[in-house]
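Enquirer: Here is the input, now give the coordinates:
(4 chains)
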Number of protein chains: 2
Amino acid sequence: MSKCEQCIVREFSSLKALNKDELLKLANCKTSYTIKKGEPIFEEGENINGIFCIKDGVCKLTKLSANGKDQIVKLVKPGELLGQRSMISDEPANLSAVALEDMQVCFVPRKEVIGFFNVNNDFSMNVMKTICGDLREADDSMVSMAQKTVKERLAQTLIYLEETFGNNPDRTLKIQLSREELAGMIGTATESCIRLLSEFNKNGWIELIGKKIAIKDKVKLKRLS
Amino acid sequence: MSKCEQCIVREFSSLKALNKDELLKLANCKTSYTIKKGEPIFEEGENINGIFCIKDGVCKLTKLSANGKDQIVKLVKPGELLGQRSMISDEPANLSAVALEDMQVCFVPRKEVIGFFNVNNDFSMNVMKTICGDLREADDSMVSMAQKTVKERLAQTLIYLEETFGNNPDRTLKIQLSREELAGMIGTATESCIRLLSEFNKNGWIELIGKKIAIKDKVKLKRLS
DNA sequence: CAAAAAAGATGATAAAAATCATATTTTATT
DNA sequence: AATAAAATATGATTTTTATCATCTTTTTTG
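Expert: Sure thing, here's the model as predicted:
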């Protein structure tokens, strides 16, 4: 059992508000997991009964639509918490969480989190602000989906991926999504996504290096989005 | 100054958790407004610095998209609170609120609400659960926008409007939206919305009585959505 | 009440996007 | 390494949706 006190990612989440005593309590009740790329952390409809703290690796939050396609609602980075909404609403998860890379996560039982929640005002305020931020982003995404073209959404998403997850030394996007997953983020058919990537490539706005994508002309992409 | 203690709609919002003392405090700090149909309660980007409690009338929460169209993100009924997200995040409103009917609303300054928030756990938990519910709904809407056709979204929205706001004696929807507003809810062009309403009408699924809409075959609509 | 403005309706056309088919490349498996 | 499976790519076609134009009806305003 590793000490939460020494965990660096803690500083990036709501948990930064916990004091030494609380961190000891946390370390005692948490369980650590390793999740392989492609594996789920939890699934839509599941009773998760606690929160997950992402120590390493990125995962996608998806929702299965009626037509059988997985819509990606959000990507989650190390330092972020999963399952906060379910914990507060005391409802099953309404999204699935699936690892995009090999991950390390810690699970903290609901009961313990609620305990911190009730005694530590900074902590509960942090959680609430996070959820409020998610709500604002969800509203913005909804408007994008409703009002922007697929081309605009693709440009927007590529910029988001670069700004959020950064680049490899060869300037390609560090986060590696399949074409199908990228299509699932922007809400379109995989073929349409691939076709538009080809078009962007021909225009010189991006470069396709195998399955990887490098942004060449961020200004043009930004103007489009 | 009317007494909050005797206000019925209070029972439907997070404010139901307030005790007698707190309600007296609330009545002392609140200001009541009348808002005419079509007028804004607040606008996107505005610093609202408090919450609004809807006593009577329905309003729409909209966001202006890059192409100049107003996307309707949510409809808000009597008993609900507005501006909770902005209050917690301490950020300007990211949506505009515009009255769809003549309204009566009360404004409560941020400072007072935060006060209740810190001392009354049931109240803060209610607010949080509401925001979590909004987040779940926003995620669901996003997936609908991304994955469903306009026809499916129209069917879904008509059923939602009937189930949420009910019918007039002539079976038409009680909530009165213009075709442009309905298009703004489902995220489509006004003409497309009108065209599909005509089609649904010809199919016998709905009936168009002037500008009003009556649902005739909910089963068929539900199957479509 | 008449004129003007706004909202609703419908046709024609263009643009966007999905679907189906098929080929190529990459990755996984035996 | 050979084969199978999966992912990527592209063409052809159809469907969906937006846009523009025009007309009718309803609502507002002087």
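Enquirer: would you list every one of the strands in chain A?
Expert: A:31-35, A:40-42, A:50-56, A:59-64, A:70-76, A:81-82, A:96-99, A:103-109, A:206-209, A:212-215 (DSSP state E).
Enquirer: Does DNA strand D have contacts with the last one?
Expert: No - applying C-beta under 7 Å from any atom of the strand, one finds strand A:212-215 out of contact with DNA strand D, separated by at least 8.9 Å. Every C-beta, even on glycine, is put in place using the N, C-alpha and C of the backbone.
Enquirer: ok, and what's touching that strand?
Expert: Contacts with strand A:212-215, where a contact means C-beta atoms under 8 Å, 6 or more residues apart in numbering or on different chains, come from A:158-159, A:162, A:167-168, A:170-173, A:176, A:197, A:205-207, A:221.
Enquirer: if I read this right, A:Leu173 contacts A:Asn167, doesn't it?
Expert: Yes - if you go by C-beta atoms under 8 Å, A:Leu173 and A:Asn167 touch, sitting 6.4 Å apart.
Enquirer: Who has more neighbours out of these two?
Expert: For A:Leu173 versus A:Asn167, neighbours defined as other C-beta atoms under 10 Å in any protein chain shown are more numerous around A:Leu173 (20 against 14).
Enquirer: Can you read off the pLDDT for that one?
Expert: Looking at A:Leu173, its pLDDT reads 97.
Enquirer: residues contacting A:Asn67?
Expert: B:147-148.
Enquirer: quick revisit: sort out for me which of the contacts of strand A:212-215 are in helices.
Expert: Under the assignment DSSP state H, the contacts of strand A:212-215 contribute A:158-159, A:162, A:197, A:221 to helices.
Enquirer: nearest to B:Leu95, of those?
Expert: Distance to B:Leu95 across those (C-beta to C-beta) is lowest for A:Ile159, with 23.5 Å.
Enquirer: Quick check: which ranges of chain A have low pLDDT?
Expert: A:1 (pLDDT under 70).
Enquirer: Could you show which parts of chain A are in contact with DNA strand D?
Expert: A:178-180, A:190-191, A:194-195, A:197-198, A:208, A:211.
Enquirer: count of residues packed around A:Ile35?
Expert: 21.
Enquirer: Setting aside sequence neighbours, what's the nearest residue to A:Ser124?
Expert: A:Phe117 (4.8 Å; C-beta to C-beta, 6 or more residues apart in numbering or on different chains).
Enquirer: wouldn't that neighbour be in contact with A:Val127 here?
Expert: Yes - A:Phe117 lies in contact with A:Val127 (C-beta under 8 Å); the separation is 7.1 Å.
Enquirer: domains for chain A, by residue range?
Expert: Taking automatic domain parsing as the domain assignment, the ranges for chain A are A:4-122, A:146-224.
Enquirer: what would those domains look like in CSV with distance to B:Glu44?
Expert: Formatted as CSV, the domains of chain A follow (distance: least, C-beta to C-beta, whole Å):
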stretch, distance to B:Glu44
domain A:4-122, 23
domain A:146-224, 14
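Enquirer: Which one of these lies nearest to DNA strand C?
Expert: domain A:146-224 (3.3 Å; C-beta to the nearest atom of the strand).
Enquirer: Spit out the contact partners of the closest residue in space to A:Ala27 that isn't next to it in sequence.
Expert: Nearest residue to A:Ala27, sequence neighbours excluded (C-beta to C-beta, 6+ apart): A:Cys4, at 4.4 Å. Listed by C-beta under 8 Å, 6+ apart, the contact partners of A:Cys4 are A:10, A:15, A:23-24, A:26-27, A:30, A:106.
Enquirer: Separate out the buried members of those.
Expert: A:10, A:15, A:23, A:26-27, A:30, A:106 (16 or more other C-beta atoms under 10 Å in any protein chain shown).
Enquirer: The lengthiest helix in chain A: which residues count as buried?
Expert: The residue-count maximum for a helix in chain A (DSSP H) belongs to helix A:121-147. Residues of helix A:121-147 classed as buried by neighbour count (16+ other C-beta under 10 Å): A:123-132, A:134-147.
Enquirer: go on, stretch A:34-53?
Expert: Applying 16+ other C-beta under 10 Å to stretch A:34-53 flags A:35, A:41-42, A:48, A:50-53 as buried.
Enquirer: Tell me the residues of chain A that contact DNA strand C?
Expert: A:67, A:149-151, A:187-189, A:191-192, A:210-211.
Enquirer: A:Glu199 versus the residue nearest to A:Ala27, what's the distance?
Expert: Distance of A:Cys4 to A:Glu199, given as C-beta to C-beta, to the nearest Å: 48 Å.
Enquirer: same check, this time on A:Ala27
Expert: Distance, A:Ala27 to A:Glu199, by C-beta to C-beta: 51 Å.
Enquirer: wait, which of the strands of chain A is closest to B:Ala97?
Expert: Comparing the strands of chain A against B:Ala97 with C-beta to C-beta, the closest turns out to be strand A:70-76 (25.0 Å).
Enquirer: Not counting sequence-adjacent ones, nearest residue to A:Leu100?
Expert: That would be A:Val58: by C-beta to C-beta, 6+ apart, it lies 4.8 Å from A:Leu100.
Enquirer: So what does that neighbour have for phi and psi?
Expert: Backbone torsions of A:Val58, given as degrees, to the nearest 10, read phi -110, psi 140.
Enquirer: cool, and A:Gly79?
Expert: Per-residue torsions, A:Gly79: phi 100, psi -20 (degrees, to the nearest 10).
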